[in-house]
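1. Quick one: sequence plus predicted model below, questions after.
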Amino acid sequence: MRLTDPEFVRRLDSLHLLARKVLGGTLQADRKSTTKGSGVTFADYAEYYYGADYRAIDWRVFARFESLVIKLFELEEDATIYLLVDLSRSMQSKSLYARQLAAALGYIALNSLDRLAVFALGDTLDPLLDACRGRNNAFKMLRALDEAETRPGDTRFNACCRVFQARHTRRGLVVVISDFLFPDGFEEGLQYLGFHGHDVYALQVQDENDTRCDYKGDALLACVETDQRRRVTITDREARRYEQAVADWNDSLRRCCARRGVGLASTQTDKPFERVVEDILRRGGLVA
């Protein structure tokens with residue numbers, strides 16, 4: 001099914017209605033700015049100055065201390081949501097599923113009038129959709145994801161995070177959709193994004209070929225990303241060691257996210273993508 005098909009869009013509409021019901025539309029629970037002004041939630045007091053809005057004066061404080069102060073409130077900002085979708089060769093069997101997840105999250109964001117930008121992760125960081133806002137950009141987003149293809153080379157996640165930050169200094173919610181099987185690891189990149197003030201959410205997508213080894217005997221293995229080849233003999237012992245190594249790697253991702261305050265959801269491609277998004281929404285959205 002193409003991401004621009006009417007039937008797929010109807011499925012996205014259902015998810016958006018659920019988001020409105022359980023989260024008020026937003027994917028991000030906390031959208032408070034550190035900027036202070038005339039918002040809703042009280043933040044601090046400041047000394048009254050000439051030209052300040054007299055309606056912000058706290059007369060109860062004046063009655064007690066004969067001092068003029070004004071109330072400051074937290075401003076609520078539109079969320080900026082950045083989707084980083086892994087399109088390296090290791091994602092080939094999972095690419096459609098990952099793009100469906102990105103389409104669902106992007107559709108909800110645009111219909112909630114949040115700013116959205118979408119990027120392809122690989123050996124470089126490539127824009128798929130420049131930052132935009134509004135329901136009228138939904139089809140543009142779906143078409144960009146529908147036409148996106150996997151590309152050769154390793155996923156240089158840490159380097160891509162640095163390129164991303166250099167280009168986009170506006171803080172927001174960064175959602176990384178990937179199998180997280182990065183040759184250089186993931187901790188440095190996740191730490192870097194968090195250090196620069198972004199809220200980060202990791203959406204891990206794997207299939208049973210990632211987590212199980214059914215090969216036995218002599219085999220010539222080729223890396224799907226670099227095409228490097230190695231002749232090996234696989235016994236039950238090697239198969240178990242491989243499966244344990246993948247389990248340990250995934251466990252290290254969970255521990256890293258917990259330590260860094262990064263939200264995490266892990267899924268396999270045999271689970272309907274709507275169920276994954278529904279679970280995220282019912283847990284409170286894309287928050288740690």
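-> Good, I have the coordinates. Model, not experiment: these values are computed from the prediction.
2. What are the boundaries of the helices in the stretch 151-288 of the chain?
-> Using DSSP state H, counting those that start in this stretch, the helices of the stretch 151-288 of the chain run over 157-167, 187-195, 208-211, 236-260, 273-282.
3. Confidence-wise, which of those is weakest overall?
-> Lowest mean pLDDT of the helices of the stretch 151-288 of the chain: helix 208-211, a mean of 88.
4. Go through that helix and flag the buried ones.
-> residue 210 (16 or more other C-beta atoms under 10 Å). No exception for glycine: its C-beta is placed from N, CA and C like everyone else's.
5. Using PDB, write out the CA atom coordinates for it.
-> Provided in PDB are the C-alpha atoms of helix 208-211 (Å, rounded to 0.1, in the frame of the first residue of the first chain):
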ATOM      1  CA  GLU A 208      12.900 -11.400  13.300                       C
ATOM      2  CA  ASN A 209      15.900 -11.500  10.900                       C
ATOM      3  CA  ASP A 210      17.600  -9.100  13.200                       C
ATOM      4  CA  THR A 211      16.900 -11.000  16.400                       C
END
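6. For the residue nearest the centre of the chain, which non-adjacent residue is spatially closest?
-> Residue closest to the mean C-alpha point of the chain, counted by C-alpha atoms, centre = their mean, is residue 175 at 0.8 Å. Of all residues not flanking residue 175 in the chain, residue 201 sits nearest, at 4.7 Å (C-beta to C-beta, 6 or more residues apart in numbering).
7. ok, what's across the strand from that neighbour?
-> Note on residue 201: beta-bridge partners residue 175, residue 263, judged by DSSP bridges.
8. Look up the pLDDT of it for me, please.
-> 96.
9. Provide the count of other residues in contact range of it.
-> As a burial measure, residue 201 scores 25 neighbours (other C-beta atoms under 10 Å).
10. okay but it is in contact with residue 177, surely?
-> No. When contacts are counted by C-beta atoms under 8 Å, residue 201 is not listed as touching residue 177 (9.3 Å).
11. related to what we said a few turns ago, out of the helices of the stretch 151-288 of the chain, nearest to residue 56?
-> Evaluated over these, closeness to residue 56 peaks at helix 187-195, with 34.0 Å, by C-beta to C-beta.
12. CA atoms only: put that closest one into PDB for me.
-> Taking Å, rounded to 0.1, in the frame of the first residue of the first chain, the C-alpha atoms of helix 187-195 are listed here in PDB:
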ATOM      1  CA  GLU A 187      25.000   6.800  22.900                       C
ATOM      2  CA  GLU A 188      27.100   9.700  21.600                       C
ATOM      3  CA  GLY A 189      24.400  10.900  19.200                       C
ATOM      4  CA  LEU A 190      21.500  10.600  21.700                       C
ATOM      5  CA  GLN A 191      23.600  12.500  24.300                       C
ATOM      6  CA  TYR A 192      24.500  15.200  21.800                       C
ATOM      7  CA  LEU A 193      20.900  15.900  21.000                       C
ATOM      8  CA  GLY A 194      19.800  16.000  24.600                       C
ATOM      9  CA  PHE A 195      22.800  18.300  25.500                       C
END
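13. related to what we said a few turns ago, could I get the helices of the stretch 151-288 of the chain as CSV with distance to residue 82?
-> Listed next are those as CSV, based on distance: least, C-beta to C-beta, whole Å:
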stretch, distance to residue 82
helix 157-167, 7
helix 187-195, 9
helix 208-211, 25
helix 236-260, 17
helix 273-282, 16
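14. quick one, what contacts the closest residue to residue 209 other than its chain neighbours?
-> Spatial nearest neighbour of residue 209, excluding adjacent residues (C-beta to C-beta, 6+ apart): residue 93 at 6.6 Å. Residue 93 sits next to 207, 209, 269 when contact means C-beta atoms under 8 Å, 6 or more residues apart in numbering.
15. Which member of those is positioned nearest residue 135?
-> Closest to residue 135, out of all of the contacts of residue 93 and judged by C-beta to C-beta, is residue 269, at 28.8 Å.
16. Looks like the closest one contacts residue 100 (just checking).
-> No. Contact criterion C-beta under 8 Å: residue 269 and residue 100 do not qualify, at 9.7 Å.
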